[in-house]
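Trainee: could you work out the structure for the sequence below:
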Amino acid sequence: AIGECALYNNFIYGLIAPGYDMANVAAKQVASVLKKETSEEAFTGADLSTKLKLLGCDVASFGVNQPKPDDEDLNMLVWNDPVNRVYRRLNFNKAGTKLRGGILVGDAGDYSTLHKLTMSEADLEEMEISPATLLPPPSALTGSASSLGDEEASEDPNAQICSCNDVPRSTIVSAINEMGAEEATLKNVKKCTNAGTGCGGCEPLVKN
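Mentor: Numbering: from 1, shown residues only. Here you go, the predicted model:
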């Protein structure tokens, strides 16, 4: 029931990561009762950002992906490519200085970069990033400056590799260094870090 049926503030998350958070809190609460201790652990909500692979299609959402009709601090940019089956909608603040969230379908190669910009509330103007440059999918910009940006993001130790289990690159790198090149097979890395054990959409990243 956790993550799928259990409600928090009358809301069902329906995602693996929030379910794990709920399970962790529940386990600590039960342990504290058995030990006759008091636990301050509590589930207070979770980030709904996620990247999945559904029937071979990359799908991702992050931040404010479904703005309310009365949201006035909003500017949307949409990329709709029916030929290559790619749809993207990025939601910015009215001034266009902050990325608030978005939806990616068909190409989510730059999910980590966009998710990081959103969660850090980065000032795009200070970073000299135009909102329009974030809209095209990586597949449409092969060999451009955009693909170089993704390469830099992949080297960031805090870059999220597995959104289901919230596993950053640093955790995977540490596990590989501890196991050694021969022992660090995909199976062992997944078992040690939990990366790629959810929907499986991040397996190529874990393998790389």
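Trainee: ok so Leu52 is a strand residue?
Mentor: Yes - looking at Leu52 with DSSP: H, G, I helix; E, B strand; the rest coil, it is inside a strand.
Trainee: is it true that it touches Cys162?
Mentor: No - contact criterion CB atoms under 8 Å: Leu52 and Cys162 do not qualify, at 11.2 Å. For every residue, glycine as well, the C-beta is placed using N, CA and C.
Trainee: higher neighbour count, the two?
Mentor: Set Leu52 next to Cys162 and count neighbours by other CB atoms under 10 Å: Cys162 wins out with 28 against 19.
Trainee: for the more buried one, grab phi and psi.
Mentor: The phi/psi pair for Cys162 (degrees, to the nearest 10) reads phi -110, psi 110.
Trainee: distance of it from Asp123?
Mentor: In this view, Cys162 and Asp123 are 28 Å apart by CB to CB, to the nearest Å.
Trainee: could you do Leu186 as well?
Mentor: Leu186 is 38 Å from Asp123, by CB to CB.
Trainee: repeat for Arg169
Mentor: Relative to Asp123, Arg169 is positioned 24 Å away (criterion: CB to CB).
Trainee: try Leu7
Mentor: The gap separating Leu7 from Asp123 is 36 Å, by CB to CB.
Trainee: looking only at neighbour counts, state which of Arg169 and Asp123 leads.
Mentor: Legend: neighbour count by other CB under 10 Å for Arg169 and Asp123, higher for Arg169 (21 against 11).
Trainee: how about the more buried one, phi and psi?
Mentor: Torsion angles, degrees, to the nearest 10, at Arg169: phi -60, psi -40.
Trainee: burial of the nearest residue to it once chain neighbours are set aside, as a residue count?
Mentor: Spatial nearest neighbour of Arg169, chain neighbours left out: Ala159 (4.8 Å); criterion: CB to CB, 6 or more residues apart in numbering. Residues lying near Ala159 (other CB under 10 Å) number 19.
Trainee: got a list of what Ala159 touches?
Mentor: Ser112, Lys116, Ala153, Pro168, Arg169 (CB atoms under 8 Å, 6 or more residues apart in numbering).
Trainee: just Thr97 next, same as before
Mentor: Asp123, Leu124, Glu125.
Trainee: name the nearest residue to the last one, sequence neighbours excluded.
Mentor: If I follow you right, that is Glu125. Nearest residue to Glu125, sequence neighbours excluded (CB to CB, 6+ apart): Thr97, at 4.6 Å.
Trainee: just the pLDDT at the one you found, thanks.
Mentor: Looking at Thr97, its pLDDT is 96.
Trainee: is it fair to say it lies in a strand?
Mentor: No - per three-state DSSP, Thr97 lies outside any strand segment and is coil.
Trainee: appreciated, that's everything.
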